[in-house]
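Engineer: Generate a structure from the sequence data that follows.
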Amino acid sequence: MKYYIIAGEVSGDLHGSNLVRQLSSLDDKAVFKGVGGEKMKAAKVDLLFGLERLAFMGFFEVLKNLRTIRRNFKEVKQHIQQFQPDVVILIDYPGFNLRMAKWCKQQGFKVVYYISPKFWAWKENRVENIKKYVDLMLCILPFEKTFYEKHQYANAHFVGHPLLDEIELKRHSEHSEESVQPIALLPGSRKQEITSLLPLMLETAANFPNEQFVITGLSGMKSLYPDVFPKNVTLVFDKTYEVLQNAKTAIVCSGTATLETALFNVPQVVIYKTSWLNYQIGKRVAKVRFISLPNLIADEKIVEELLQHDCTTEKITNELKLLLHSKNQQFYNSLIEKIGEKGASKKAAEWIIQLIKI
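Structural biologist: Below you'll find the model as predicted:
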C-alpha cells in the first residue's frame, strides 16, 4: 500500500519515522512519500522537501513567508495527486495539516491525523474540521479521546505516547560513563526559540560557575549557536537523550522537550518568551492553566513555568537553585500514572492499516 506522510516539526519527524517502521513491519509492500526531516528520510520515506521549508512560528513569521507557504501547499498537492496514496497521514502541525486534510478529503483520499492538534487548549471550534475531513484521529495524550467524544467525534483513539518507546530504546542502548552530572539546557527547535531563550540560559549559567552546563543543539541549525561559550558550558548536537540520561536538572523551552525531560525523571524549569503580539494573541485564545506537557497531563503544577515577563535570568536562577537543593524525587509520579503504556507507534500503525482495509 502507498502512504503519504506530512510532518512539519522535529518531534513529528521522529514520531513519523517510528510509525513508518511499524507500518513497514506490518505491510511488506509499503511505499512511503511525504514531507519531513532526516529521521523520516532514514526510514525510507521519499521526501518532497525537508523541515526547513515548514519551520514558521508566530503571526509575523507566517506573514513574512506567505509566498513560501503557498508554494509548499501547491507542491504537496501535486505530489499527492501524482502518488495517489491509499492514505494520507498528517502529524500534528495544524497550521499546514488542517488545510491539507480538507483538500485531501475533497479529493477522495483517506485521511489520518496522528498526534492531535491542541484544540483543547485553543480554537476548540476547529474540532468541526476534524469531524468533516479526518477519518481517524490517533491521540497520544490520555484526555484527548474524551475531548473528541465530548464533541461527538467517535473516530478518536488513544494509542499512548510514542516518546515512551523512544526513551526506553535509548535507555537500553546508551550507557553514559560521565562522572559529572551536568545541567541540561534545551533552548528549543525553532529559530525564534533559540535566539530568544539561549542568551537567557547562558546568563543563568554564569550565575553557577561551579556547575557544568550542556546545551542540546540541532545540527540543522548550527549557525544559530555562538562560536564561543563560557568555560562551564558546552554544546553538543543531536544528543538530547544522551544528555538527559545523565543530567541532574534542566532548563527547558516549552514543547515536547518538557515531556522528554520528565520521562527521564530530570527536575526542570520550563521557560518561554515570544513577541508581544504573539503573547497577547495566545493569552486571549488559550483555555488551559498550563503550557508545559507535564503539567497539562498531570492536571496540576508539577514543574515551574516562567513565561514572557517572568522569563528572566533572575527568576530562572532562583528556580534552578531550588531544584538543585531539592530532596524531593517524586516530581513526576502523577504524570507517569496518566500517560499510558508503551507501544504507541505499533498501535497507530495497526489502526491505520485497519482503516485502509475498510
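Engineer: What sits closest to I302 if chain neighbours are left out?
Structural biologist: Counting by Cβ to Cβ, 6 or more residues apart in numbering, the nearest residue to I302 once its immediate chain neighbours are dropped is P294, at 5.5 Å. Bear in mind the C-beta positions are built from the backbone N, C-alpha and C, glycine included.
Engineer: which of the residues in the helix or strand hosting that neighbour are buried?
Structural biologist: According to DSSP states H and E, P294 maps onto helix 293-298. Buried residues in helix 293-298, defined by neighbour count with 16 or more other Cβ atoms under 10 Å: 293-298.
Engineer: what does stretch 8-26 give?
Structural biologist: By neighbour count with 16+ other Cβ under 10 Å, stretch 8-26 contains the buried residues 8-20, 22-24.
Engineer: Where does pLDDT dip in the stretch 201-350 of the chain?
Structural biologist: For the stretch 201-350 of the chain, residues meeting the criterion pLDDT under 70 lie at 275-288, 327-330.
Engineer: Now do the helices in it.
Structural biologist: 240-246, 256-263, 276-285, 293-298, 313-325, 333-336, 344-357 (DSSP state H, counting those that start in this stretch).
Engineer: With just CA atoms, put the longest one into CSV.
Structural biologist: So the one you mean is helix 344-357. The C-alpha trace of helix 344-357 is given here as CSV (Å, rounded to 0.1, in the frame of the first residue of the first chain):
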residue,chain,number,x,y,z
ALA,A,344,2.1,3.8,20.6
SER,A,345,3.7,3.6,17.1
LYS,A,346,2.7,-0.1,16.7
LYS,A,347,-0.9,0.6,17.8
ALA,A,348,-1.1,3.6,15.5
ALA,A,349,0.1,1.5,12.5
GLU,A,350,-2.5,-1.2,13.3
TRP,A,351,-5.3,1.4,13.3
ILE,A,352,-4.1,2.9,10.0
ILE,A,353,-3.9,-0.5,8.2
GLN,A,354,-7.4,-1.3,9.6
LEU,A,355,-8.7,1.9,8.1
ILE,A,356,-7.2,1.3,4.7
LYS,A,357,-8.8,-2.2,4.5
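Engineer: Who are the packing partners of that helix?
Structural biologist: Judged by 3 or more Cβ pairs under 8 Å, 6 or more residues apart in numbering; DSSP states H and E, the packing partners of helix 344-357 are helix 10-26, strand 87-91, strand 111-114, strand 136-139, helix 163-173.
Engineer: okay, the ones you listed in TSV with mean pLDDT and distance to N97 next?
Structural biologist: Below are those laid out as TSV (pLDDT from 0 to 100; distance: least, Cβ to Cβ, whole Å):
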stretch	mean pLDDT	distance to N97
helix 10-26	94	9
strand 87-91	98	4
strand 111-114	98	7
strand 136-139	97	12
helix 163-173	78	20
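Engineer: Could I get these in TSV, plus columns for distance to R190?
Structural biologist: As requested, the helices and strands packed on helix 344-357 are exported to TSV (distance: least, Cβ to Cβ, whole Å):
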stretch	distance to R190
helix 10-26	9
strand 87-91	16
strand 111-114	21
strand 136-139	24
helix 163-173	19
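Engineer: Wait, I356 touches K110, no?
Structural biologist: Yes: contact criterion Cβ atoms under 8 Å: I356 and K110 qualify, at 6.7 Å.
Engineer: Now do the shared contacts for the two.
Structural biologist: Common neighbours of I356 and K110 (criterion: Cβ atoms under 8 Å, 6 or more residues apart in numbering): 86-87.
Engineer: Retrieve the pLDDT associated with P142.
Structural biologist: At P142, the pLDDT value in this model is 84.
Engineer: Now do the SS call for it.
Structural biologist: Look at P142: counting by DSSP: H, G, I helix; E, B strand; the rest coil, its state is coil.
Engineer: So what's the residue count around it?
Structural biologist: Neighbour count of P142, defined by other Cβ atoms under 10 Å: 15.
Engineer: mind listing what it touches?
Structural biologist: Contact partners of P142, counting by Cβ under 8 Å, 6+ apart, are 158, 297, 338-340.
Engineer: So it versus E341, what's the distance?
Structural biologist: 11 Å (Cβ to Cβ, to the nearest Å).
Engineer: go on, Y153?
Structural biologist: From Y153 to E341 the distance is 23 Å (Cβ to Cβ).
Engineer: Look at the two and report which has more neighbours.
Structural biologist: Remark: of Y153 and E341, Y153 carries more neighbours, 16 against 11, as counted by other Cβ under 10 Å.
Engineer: pLDDT at that one, what is it?
Structural biologist: 95.
Engineer: ok, it - contacts?
Structural biologist: When contacts are counted by Cβ under 8 Å, 6+ apart, Y153 touches 127, 130-131, 137.
Engineer: Taking these, please make a PyMOL selection of just the buried ones.
Structural biologist: In PyMOL, this line selects whichever of the contacts of Y153 come out buried by 16+ other Cβ under 10 Å:
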select buried, resi 127+130+137
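Engineer: just checking, which of the contacts of Y153 belong to strands?
Structural biologist: Taking DSSP state E as the definition of strands, the contacts of Y153 contribute M137.
Engineer: Rebuild the contacts of Y153 as TSV, extending it with distance to V252.
Structural biologist: Listed next are these as TSV, based on distance: Cβ to Cβ, whole Å:
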residue	distance to V252
V127	29
I130	29
K131	34
M137	28
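Engineer: The contacts of Y153 in helices, which ones?
Structural biologist: When helices are assigned by DSSP state H, the members of the contacts of Y153 inside them are 127, 130-131.
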